[in-house]
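**Q** here's a sequence, model it:
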Amino acid sequence: MTPFGLRLRALRAERNLALKDMAAGLGVSAAYLSALEHGQRGRPNRRFVHRVCQYLGVIWDDAEDLQRQADISHPRVTVDTSGLSPRATEFANLLAERIGDLPEEAIERMMAEVTEKGGGA
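**A** Residues are numbered from 1 along each chain as shown. Next up is the predicted model:
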């Protein structure tokens, strides 16, 4: 599941909306909406996020936050390490290989390190 999918599902649940009803209201299939919620589709475009915000009545900071979550929710990430050190390339490959086995605590530690050093996501 992606950050966007998790938030979309929560918004739908808060409003007691069935997946098929929300999908119909957005003009998409229930299968597409389900795939978005489960992180099985690429990140949604800005137009779709805007339609979601309109449909659910999400405004201001909450709408911006939903768009930010969509922006960071691509389920298949590519990391370009050309021009970086061999160690950075090794790290990127190991992370891609083993991220599914990492405990949440390790992911949180790495997120803190990256956001602290890199200025945020």
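
**Q** tell me the SS of residue 115?
**A** Assigned state for residue 115: helix (three-state reduction, DSSP: H, G, I helix; E, B strand; the rest coil).

**Q** residue closest to the middle of the protein?
**A** Nearest to the centroid of the C-alpha atoms of the chain, with distances taken as C-alpha atoms, centre = their mean, sits residue 73, at 2.3 Å.

**Q** tell me the domain ranges of this protein?
**A** Partitioning the chain according to automatic domain parsing yields domains covering residues 3-71, 86-118.

**Q** pretty sure the residue nearest to the centre of the chain is touching residue 3, no?
**A** Yes: in terms of C-beta atoms under 8 Å, residue 73 counts as a neighbour of residue 3; the distance is 5.2 Å. No exception for glycine: its C-beta is placed from N, CA and C like everyone else's.

**Q** re the thing from before, just the domains of the chain: most buried one?
**A** Each of the domains of the chain was scored by mean neighbour count; the highest is domain 3-71, a mean of 16, by mean count of other C-beta atoms under 10 Å.

**Q** show me what the one helix or strand in the chain whose mean pLDDT sits lowest is packed up against.
**A** The helix or strand of the chain with the lowest confidence, counting by mean pLDDT, DSSP states H and E, is helix 104-118 at a mean of 90. For helix 104-118, there is no helix or strand it packs on, judged by 3 or more C-beta pairs under 8 Å, 6 or more residues apart in numbering; DSSP states H and E.

**Q** alpha carbons of that helix, as PDB, please.
**A** Included here for helix 104-118 are C-alpha records, laid out as PDB according to Å, rounded to 0.1, in the frame of the first residue of the first chain:
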ATOM      1  CA  GLU A 104       9.400  -0.900  10.500                       C
ATOM      2  CA  GLU A 105      11.900   0.400  13.100                       C
ATOM      3  CA  ALA A 106      14.700   0.100  10.600                       C
ATOM      4  CA  ILE A 107      12.700   1.900   8.000                       C
ATOM      5  CA  GLU A 108      11.800   4.700  10.400                       C
ATOM      6  CA  ARG A 109      15.500   5.100  11.400                       C
ATOM      7  CA  MET A 110      16.500   5.400   7.700                       C
ATOM      8  CA  MET A 111      13.700   7.800   7.000                       C
ATOM      9  CA  ALA A 112      14.800  10.000   9.800                       C
ATOM     10  CA  GLU A 113      18.400   9.900   8.500                       C
ATOM     11  CA  VAL A 114      17.400  10.700   5.000                       C
ATOM     12  CA  THR A 115      14.900  13.500   5.800                       C
ATOM     13  CA  GLU A 116      17.400  15.100   8.300                       C
ATOM     14  CA  LYS A 117      20.300  15.000   5.900                       C
ATOM     15  CA  GLY A 118      18.400  15.600   2.700                       C
END
